[in-house]
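**Student:** fold the following.
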Amino acid sequence: MKNFSVVAIIAISVLLFLVSLLLPAFYTPDESIPGWFALLMGWLDLLAIDQVGWGIISWFASFFLPVAWLGLILTKFRPMRIVSLMSASAGLALALCALVMKQILISEGGNTTRILSMGAGFYLWLASFAVCIIGATVSIVQEANAPKVVKV
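**Tutor:** Residues are numbered from 1 along each chain as shown. Next up is the predicted model:
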């Protein structure tokens, strides 16, 4: 993939991720939970997994994005294209687990509240993974279709 394309793909994915932090990720009966709060405090829900459910493993998805971005940066090396694709795909699969969450922790006392719906921040977060998947896939396909140079 040409350098400009790689930079554009990474920039779009990073921009989607950063904007997702500013927008609501979840809506509860009392408030909206911004993406930055879900990212910084989501790990606490792991302490109450019996109350909030296994969908909370989606919090780990964000760790896969920097790996996917690094893989796109290093697309000169074929294995890194595959690492980028696999990392973004695994991250998206984990992120989709959030769709089964019915409640989230709202206080250190173990109180939970119902999730009414996902917000725009959640969907932009998913889109940042999708952009990486598309970029890595295009990179792999272009490399496979590139003319082979045979040295004599």
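
**Student:** residue closest to the middle of this protein?
**Tutor:** The centroid of the chain falls nearest to residue 129 when counting by CA atoms, centre = their mean (4.5 Å).

**Student:** grab the nearest non-local neighbour of that residue.
**Tutor:** Once flanking residues are discounted, residue 129 sits nearest to residue 92: 3.9 Å by CB to CB, 6 or more residues apart in numbering. Quick note: C-beta positions are derived from backbone N, CA and C, even for glycine.

**Student:** I'd say the one you found and residue 58 touch.
**Tutor:** No. Between residue 92 and residue 58 there is no contact under CB atoms under 8 Å: 10.1 Å.

**Student:** contact partners of stretch 81-95?
**Tutor:** By CB atoms under 8 Å, 6 or more residues apart in numbering, the surrounding residues in contact with stretch 81-95 are 57-58, 60-65, 67-72, 75, 125-126, 129-130, 132-133, 135-137, 139-140, 143.

**Student:** ok, and for the one helix or strand residue 79 maps to, which residues are buried?
**Tutor:** Per DSSP states H and E, residue 79 falls inside helix 78-96. Under the neighbour-count criterion of 16 or more other CB atoms under 10 Å, helix 78-96 has 80-81, 83-92, 94-95 buried.
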